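Undergrad: I'll drop the sequence and a predicted model, then ask my questions.
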Amino acid sequence: MDNFLGNLIWLIFGGLLAALGYFVGGFVLCITVIGIPWGLQCFKLAELVLWPFGKKVINDSNNMGCLSLVCNLIWILFGGLYATIIHLVMGIILCLTIIGIPWGRQHFKLMEISLMPFGKKIVQE
């Protein structure tokens, strides 16, 4: 019940808008054939941003090796670092108040996958 309530509050106060941004970004990247791998990562991020409570990010055992590293470096250069900084700033701002700590922790969870999404998997806690 607490995950549902946390997700509902998250959704109302910005989660839906953030997930929509990742969905649109993923759609635009998937229109270009070369951007499909990065578009799929945007959809993965959108899923987590939409409903973050009760989920965690783990390393995927089926990673792509050095191709994963190259894709992550391209991701970092073209927006991953920006998204990570935004999640860091929002997490710090939310943690300044005691009531905002659970939502700040979700932003800190999103930092890991928004910096390097290739080779990561989202699972239920």
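TA: Cool, got the structure.

Undergrad: I'd guessed residue 84 sits against residue 113; true?
TA: No - using CB atoms under 8 Å, residue 84 is not in contact with residue 113; the gap is 9.3 Å. In short, each C-beta sits where N, CA and C put it, glycine included.

Undergrad: who has more neighbours, these two?
TA: residue 113 (24 against 18; other CB atoms under 10 Å).

Undergrad: work out which residue lies at the spatial centre of this structure.
TA: residue 45 (3.7 Å; CA atoms, centre = their mean).

Undergrad: that one and residue 27: what is the separation?
TA: 13 Å (CB to CB, to the nearest Å).

Undergrad: with residue 38 instead?
TA: Distance from residue 38 to residue 27, counting by CB to CB: 12 Å.

Undergrad: more neighbours: which of those two?
TA: residue 38 (21 against 13).

Undergrad: other SSEs contacting whichever strand or helix holds residue 70?
TA: For residue 70, the host element (DSSP states H and E) is helix 66-75. When contacts are defined as 3 or more CB pairs under 8 Å, 6 or more residues apart in numbering; DSSP states H and E, helix 66-75 packs onto helix 36-50.

Undergrad: can you list the residues that contact the helix it packs on?
TA: 11, 15-16, 18-20, 22-23, 25-30, 55, 57, 71, 74-75, 78, 83, 109-110, 113-114, 117-118, 120, 122 (CB atoms under 8 Å, 6 or more residues apart in numbering).

Undergrad: now the strands for this protein?
TA: Assignment of strands within the chain using DSSP state E yields the ranges 55-59, 120-124.

Undergrad: dump the first one to PDB, keeping only the CA atoms.
TA: Backbone C-alpha positions of strand 55-59 (Å, rounded to 0.1, in the frame of the first residue of the first chain) are rendered in PDB as follows:
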ATOM      1  CA  LYS A  55      11.300  -1.300  -8.200                       C
ATOM      2  CA  LYS A  56      15.100  -1.500  -8.200                       C
ATOM      3  CA  VAL A  57      17.800  -1.300 -10.800                       C
ATOM      4  CA  ILE A  58      20.200  -4.200 -11.100                       C
ATOM      5  CA  ASN A  59      23.100  -5.100 -13.500                       C
END
